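Peer 1: here's a sequence, model it:
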Amino acid sequence: MTHPFHPLFGQEFESVNERKAWGEHRVYYHDTEGQLRALPIGWTNLPAKDCLMAMPAGRCVFGVEELLELVRLVKRLRERV
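Peer 2: Numbers count the residues shown, from 1 in each chain. Predicted structure coming up:
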């Protein structure tokens with residue numbers, strides 16, 4: 001837990017699952033009593049998943065940044081013609 005004002009700040013938990021819920025990416029873990037809990041992934045040191053890569057479950061070859069770079073490359077090539 002990296003959120004400085006959370007009561008569990010500094011404690012470590014094993015991630016059980018990560019998914020989008022309540023409009024944001026959340027990480028699921030078991031607390032010390034074994035209860036399944038969830039919290040925003042931004043409150044942890046885990047990187048947020050790119051939803052465009054996560055939703056197709058690995059079937060997506062390119063992410064947003066790669067596609068934007070491709071658009072810039074095509075524009076530059078068209079200017080040369």
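
Peer 1: surely Asn17 is in contact with His30?
Peer 2: No. Counting by Cβ atoms under 8 Å, Asn17 does not reach His30; the two are 10.7 Å apart. The way it works is simple: take the backbone N, C-alpha and C, and place the C-beta from them, glycine included.

Peer 1: quick one, which of those two is more surrounded?
Peer 2: Between Asn17 and His30, counted using other Cβ atoms under 10 Å, the more crowded position is His30 (13 against 10).

Peer 1: for the more buried one, give the beta-bridge partners.
Peer 2: Using DSSP bridges, the beta-bridge partners of His30 come out as Leu36.

Peer 1: could I get the pLDDT score of it?
Peer 2: On pLDDT, His30 comes in at 92.

Peer 1: now Ala57
Peer 2: With respect to pLDDT, Ala57 has a value of 60.

Peer 1: try Lys20
Peer 2: So Lys20 comes in at 80 (pLDDT).

Peer 1: please apply the same query to Cys60.
Peer 2: For Cys60, pLDDT reads 69.

Peer 1: swap in Ala38?
Peer 2: On pLDDT, Ala38 comes in at 89.

Peer 1: show me the contacts for it.
Peer 2: Contact partners of Ala38, counting by Cβ atoms under 8 Å, 6 or more residues apart in numbering, are Ala21, Arg26, Val27, Tyr28, Tyr29.

Peer 1: quick one: the strands in the chain, in order.
Peer 2: All strands of the chain, identified by DSSP state E, fall at 15-21, 24-30, 36-40.
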